[in-house]
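Peer 1: make a model of this:
(chains A and B)
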Amino acid sequence: GENVEQHPSTLSVQEGDSAVIKCTYSDSASNYFPWYKQELGKGPQLIIDIRSNVGEKKDQRIAVTLNKTAKHFSLHITETQPEDSAVYFCAASIVNNNDMRFGAGTRLTVKP
Amino acid sequence: GAGVSQSPSNKVTEKGKDVELRCDPISGHTALYWYRQSLGQGLEFLIYFQGNSAPDKSGLPSDRFSAERTGGSVSTLTIQRTQQEDSAVYLCASSLRVDNRQPQHFGDGTRLSIL
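Peer 2: Numbers count the residues shown, from 1 in each chain, chains lettered A, B, ... in the order given. Purely as a prediction, here's the structure:
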């Protein structure tokens, strides 16, 4: 089955700096890669996703890149703000399989 | 519109008791998922429902765990004879349809504490 690894487990940046979180996956059949943000006491919320026919996607300060050959994808947050502090999860979904495998999460702290 | 609703938000019970956790998915979503999240950990897949198909129970950790989904909408996760290691946040998510590329929308979870 699919295995998703996420790095780093914790990340601390200064406000205004960029943050990058990386994930790798094992099954080349995976074709959908969402990113979730989880704030304390809340459920994960989808912030951006990418499909295998696209190499990069941007939404304001957030971007995701996908390298299918290397089987890795990354989340980039620019101009970080304290409210970006949360736990971020990557995930990968396998074609014709209805479950989604999540990374272990990255705790991002943005220092004001 | 209304999101995924879970109840109760918190549950404290004694070891050995049974507990039921409820999930109301987003209206019209045919797929429903249960996950377990232990303190500071990622999401552990438990069970998946898709329409009227047989559920995928491959993630259930033991036969003390079961789930049902009545009428293709509300789902209940039941844990029998609870153990302390069952303490975790139980998250429910729903998605629009069978297509595995549909995003999952999560509730805020039930925080279960076994004394």
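
Peer 1: now the element after the worst-scoring helix or strand of chain B on mean pLDDT, going C-ward?
Peer 2: The weakest-scoring helix or strand in chain B, judged by mean pLDDT, DSSP states H and E, is strand B:44-50 (a mean of 90). Per DSSP states H and E, the first helix or strand lying C-terminal to strand B:44-50 is strand B:65-69.

Peer 1: list the buried residues for that following strand?
Peer 2: Under the neighbour-count criterion of 16 or more other CB atoms under 10 Å in any protein chain shown, strand B:65-69 has B:65, B:67, B:69 buried. (Glycine included, C-beta is placed from N, CA and C.)

Peer 1: go on, stretch A:71-85?
Peer 2: A:72-77, A:80, A:84-85.

Peer 1: ok, of these, which one's closest to A:G105?
Peer 2: A:G105 has its nearest neighbour among the buried residues of stretch A:71-85 in A:L75, at 11.9 Å by CB to CB.

Peer 1: sec struct for the closest one, please.
Peer 2: Classification of A:L75 using DSSP: H, G, I helix; E, B strand; the rest coil returns strand.

Peer 1: which strand residues bridge it?
Peer 2: On the basis of DSSP bridges, A:L75 is bridged to A:I21, A:V64.

Peer 1: now do the contacts for it.
Peer 2: A:19-23, A:35, A:48, A:62-64, A:88, A:90 (CB atoms under 8 Å, 6 or more residues apart in numbering or on different chains).

Peer 1: most surrounded residue in these?
Peer 2: Within these, neighbour counts (other CB atoms under 10 Å in any protein chain shown) peak at A:C90, which reaches 29 neighbours.

Peer 1: for that one, which non-adjacent residue is closest in space?
Peer 2: A:C23 (3.8 Å; CB to CB, 6 or more residues apart in numbering or on different chains).

Peer 1: over to A:V20?
Peer 2: Closest to A:V20 by CB to CB, 6+ apart is A:H76, at 5.4 Å.

Peer 1: ok, A:H72 next?
Peer 2: What sits nearest to A:H72 in space, not counting adjacent residues and going by CB to CB, 6+ apart, is A:T24, at 4.5 Å.

Peer 1: could you report the neighbour count for the one you found?
Peer 2: 18.

Peer 1: cool, and B:R81?
Peer 2: B:R81 has 11 nearby residues by other CB under 10 Å.

Peer 1: need the residues that contact stretch A:102-112.
Peer 2: Under CB under 8 Å, 6+ apart, the answer for stretch A:102-112 is A:4-15, A:19, A:21, A:23, A:36, A:38, A:77, A:80-91, B:35, B:41-43, B:45.

Peer 1: inside strands: which ones of the residues you listed?
Peer 2: Among the contacts of stretch A:102-112, the residues falling in strands (DSSP state E) are A:4-7, A:10-14, A:19, A:21, A:23, A:36, A:38, A:77, A:86-91, B:35, B:45.

Peer 1: out of those, which are buried?
Peer 2: A:4, A:6, A:11, A:13, A:19, A:21, A:23, A:36, A:38, A:77, A:86-91, B:35, B:45.

Peer 1: residue ranges with poor pLDDT in chain B?
Peer 2: Within chain B, the stretches with pLDDT under 70 are B:1, B:98-101.

Peer 1: around chain B, pick out the residues from chain A.
Peer 2: Residues of chain A found near chain B (CB under 8 Å from any CB of the partner chain) are A:6, A:31-32, A:34, A:36, A:41-46, A:49, A:51, A:89, A:93-105.
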